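Peer 1: Here's my sequence, what's the structure:
(chains A, B, C and D)
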Number of protein chains: 2
Amino acid sequence: MPRPSEPTRERIVQAASALFYNEGIRRVSVDEVAAKAGLTKRTLYYHFKSKDDLVAAYLAARDQPNLALFRKWFAETDGGLPVKVEAIFKNLARSARHPKWKGCGFLRTSAELANMPGHPAIRIGAAHKKKFEDWLRTTFAEQGIADPLKLARQILLLLDGSFAVVLLHRDASYMETAGEAARTLIETALGKPRRKQG
Amino acid sequence: MPRPSEPTRERIVQAASALFYNEGIRRVSVDEVAAKAGLTKRTLYYHFKSKDDLVAAYLAARDQPNLALFRKWFAETDGGLPVKVEAIFKNLARSARHPKWKGCGFLRTSAELANMPGHPAIRIGAAHKKKFEDWLRTTFAEQGIADPLKLARQILLLLDGSFAVVLLHRDASYMETAGEAARTLIETALGKPRRKQG
DNA sequence: GTATGTATACTAACCAGTGAATATACACAA
DNA sequence: TTGTGTATATTCACTGGTTAGTATACATAC
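Peer 2: Residues are numbered from 1 along each chain as shown, chains lettered A, B, ... in the order given. Take a look at the predicted model:
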């Protein structure tokens, strides 16, 4: 039965996403993705020209929803800039306590494919992180922060650090530690009255 | 020619380290490791009971030298606590600019094997990071920091974040950004006179 | 003459990608 | 209304290659 096409492609990406995120790229075979999507490998290769292409689609599908979530958490939190940013980390900690959580798909893919620097999936991951950084930088600039780019980069480092450390230790409390560090850095940049952290 | 034994085992670990770090765990076959070590796979399986065992040996061999390097960079830098810690990041930035640099072997392995939470390699990685954190915590405690554990965790987050971000973007300047953030956090914890970062 | 160490040759499974054929839906003609 | 061509979509069966791990035999040192 032809003529679905877009739904089919969507279904393949859904299946690929679940498998690649949970098991890793190289661990998952194209056959497994096809089986999970309920079709044959040959059909999958009709919609995607290679496994690399499928991996790229997996990450591309994560880009917008991920950023939207961060923006939502930021927007729905009442308070000043430090509090709103810290809220992102608190919400992330909640996600990370879910048993199926396995870190950041972009970072894990870039780690697994580190021997293929030009791989499309890595470019998509890099662009995703740049978008997040840009959003922070713009937000900080609007608040009159002196060096908004530097502060945005520092927050990004804390975010990605917490992804990596929480994945390694399976201890989501690091996510909250990162949030506190972010708050301290933002308060310092704002020139807020100093207050020993603790 | 029998009777070398320990040198042989060592040679295998050396070969495995180069390959696993450069190419990734699942990408590298046991045959490749054996070939690089100049012997057959069967001999390799005489010294290691499985590939997992070999992966564990690869990371175990990285543990001490890595920590020693951080301690060395810290010790050989003149100045206060913030400057000495920042020096670690500066030295790391220099390493990261080397073309063969591919991030932190512990983090990349934990990302690749995230679907096997009990894997020995992940436990070795977690223990390694704990050792680093413990060293920082002890050092901070000796300097009278109020909450040395929290600060040590924050620095660890920045360190591992910079590993991840620099690997993704291939831009070692993030390592220096992380160093500045570390300095800011330490100065804040020390109650130093506030100074807008920038 | 036995522990230790090494090599040859193999198994059984897996995997990315393809060749050839087929089925369906729809446009258009009769 | 009915037949027919064509692009779209799907399947079966296959290839050539790779992989972790092993059965068996052989060599060296002490």
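
Peer 1: got the contact list for residue A:149?
Peer 2: residue A:137 (CB atoms under 8 Å, 6 or more residues apart in numbering or on different chains). The way it works is simple: take the backbone N, C-alpha and C, and place the C-beta from them, glycine included.

Peer 1: And it, how far from residue B:177?
Peer 2: 9 Å (CB to CB, to the nearest Å).

Peer 1: now do residue A:27
Peer 2: Relative to residue B:177, residue A:27 is positioned 33 Å away (CB to CB).

Peer 1: how about residue A:35, phi and psi?
Peer 2: Dihedral angles of residue A:35 (phi, psi; degrees, to the nearest 10) stand at phi -60, psi -40.

Peer 1: And for residue A:28, the neighbour number?
Peer 2: 23 (other CB atoms under 10 Å in any protein chain shown).

Peer 1: I should have written residue A:114 there, sorry.
Peer 2: Residues contacting residue A:114 under the criterion other CB under 10 Å number 23.

Peer 1: give me the number of residues near the nearest residue to it once chain neighbours are set aside?
Peer 2: Distances taken as CB to CB, 6 or more residues apart in numbering or on different chains place residue B:102 nearest to residue A:114, at 4.6 Å, with adjacent residues excluded. Residue B:102 sits with 19 neighbouring residues when counted by other CB under 10 Å.

Peer 1: Surely residue B:102 and residue B:22 touch.
Peer 2: Yes - with contact defined as CB atoms under 8 Å, residue B:102 reaches residue B:22; the gap is 6.4 Å.

Peer 1: Overlap in contacts, the two.
Peer 2: By CB under 8 Å, 6+ apart, residue B:102 and residue B:22 have these common neighbours: residue A:115.

Peer 1: By proximity to chain B, which residue of chain A wins?
Peer 2: Closest to chain B within chain A is residue A:161: 2.6 Å, counting by CB to the nearest CB.

Peer 1: Need the three-state assignment for that residue.
Peer 2: Three-state call for residue A:161 (DSSP: H, G, I helix; E, B strand; the rest coil): helix.

Peer 1: any idea how far the spatially closest residue to it that is not a sequence neighbour is from residue A:156?
Peer 2: The shortest distance from residue A:161 to any non-neighbouring residue, by CB to CB, 6+ apart, is to residue B:161 (2.6 Å). Using CB to CB, residue B:161 is found at 8 Å from residue A:156.

Peer 1: quick one, which of those two is more surrounded?
Peer 2: More neighbours surround residue B:161 than the other of residue B:161 and residue A:156, with 30 against 24 (other CB under 10 Å).

Peer 1: Show the contacting residues for the more buried one.
Peer 2: If you count contacts by CB under 8 Å, 6+ apart, residue B:161 has them with A:156, A:157, A:158, A:159, A:160, A:161, A:162, A:164, B:178.

Peer 1: again, only this time at 7 Å
Peer 2: Applying CB atoms under 7 Å, 6 or more residues apart in numbering or on different chains to residue B:161 gives the contacts A:157, A:158, A:160, A:161, A:164, B:178.
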